[in-house]
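# I'll drop the sequence and a predicted model, then ask my questions.
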Amino acid sequence: MTLQDLIALFRCDAKDVEEPYLWGETQVVGWFNEAQSEAAVRGRLLLDDSTPAVCEIAVAADIASYQLHPKVYEIAHLRFVGASASEGRELSVVSREYLDRKDPHWRDRCSDEPRFAIQSETRLRLVPTPREVGMLRLEAYRLPLKQLTHCHDKPEIHEAHHAYLVHWALYRAFGQPDADGFDPGKSQQSYSVFEGYFGMRPDSDLRRATRHDQPHTNVIHLP
């Protein structure tokens, strides 16, 4: 479905088909962009393993911290390929607390081949600090790369999900307290349909569910 199709479906379901509309075009388009981002996070719909700007990060020797693409929110797989290596090495994405427990001196270790990565909101910290140049290769869940703006734009998520985006727009429309169409009951009903299809909003710390923080009995000592 195109953005134009989605807006038409929204106006039909909201019974907002005559001008002047209760909800303006710019407002409705914004809700559909919200809807796609919400759907992508709740349903983990956009797993990217091929977009170079998202999935490749150049690594410099003796530099530990690197910027993630702004649309990445969860790393599914991470590999470091050194300049002198023919094959990459998988890195475990862990927390600072995990490394503090297993090796309190990890921050002071000499540069070596990375074995772990710590993901913050926007960056990756490699541990140990890489001693050579190379490349990080990611498979990551992300938000849509582009906003819906033109009438013929299509959501990046699969077409099977498109019609359900309308329920987020209806939830937002009926939930506007100062609008003539304010209807909290319809707003909540639309939200429930959207949530029932795409799932609940995850906790803000999305990495905790996917990091390799598995308990071990032995302390890890980095070489």
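Looks like it came in fine. Numbers count the residues shown, from 1 in each chain.

# Doesn't G185 belong to a helix?
Yes. Assigned with DSSP: H, G, I helix; E, B strand; the rest coil, G185 falls within a helix.

# Given the lengthiest strand in the chain, what are its sheet partners and their directions?
The strand that spans the most residues within the chain, counting by DSSP state E, is strand 72-82. Sheet partners assigned to strand 72-82 using DSSP bridges are listed as strand 89-90 (antiparallel), strand 134-142 (antiparallel).

# Relative to Q119, which of these is closest?
strand 134-142 (9.8 Å; CB to CB). Heads up, the C-betas are built off the backbone N, CA and C, glycines and all.

# counting contacts, what elements does whatever helix or strand comes next after that closest one pack onto?
Per DSSP states H and E, the first helix or strand lying C-terminal to strand 134-142 is helix 165-174. For helix 165-174, the elements it packs on are helix 3-14, helix 25-43, helix 184-198, judged by 3 or more CB pairs under 8 Å, 6 or more residues apart in numbering; DSSP states H and E.

# A163 is nearest to which of these?
Nearest to A163 among the helices and strands packed on helix 165-174 is helix 3-14 (6.9 Å), distances taken as CB to CB.

# Output that closest one as PDB - backbone C-alpha positions only.
Taking Å, rounded to 0.1, in the frame of the first residue of the first chain, the C-alpha atoms of helix 3-14 are listed here in PDB:
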ATOM      1  CA  LEU A   3       1.000   6.400   1.700                       C
ATOM      2  CA  GLN A   4      -2.000   7.700  -0.300                       C
ATOM      3  CA  ASP A   5      -3.800   4.400   0.200                       C
ATOM      4  CA  LEU A   6      -3.100   4.400   3.900                       C
ATOM      5  CA  ILE A   7      -4.400   7.900   4.300                       C
ATOM      6  CA  ALA A   8      -7.500   7.100   2.300                       C
ATOM      7  CA  LEU A   9      -8.100   4.000   4.500                       C
ATOM      8  CA  PHE A  10      -7.600   6.100   7.700                       C
ATOM      9  CA  ARG A  11     -10.100   8.700   6.500                       C
ATOM     10  CA  CYS A  12     -12.700   6.000   5.700                       C
ATOM     11  CA  ASP A  13     -12.300   4.300   9.100                       C
ATOM     12  CA  ALA A  14     -12.300   7.600  11.000                       C
END
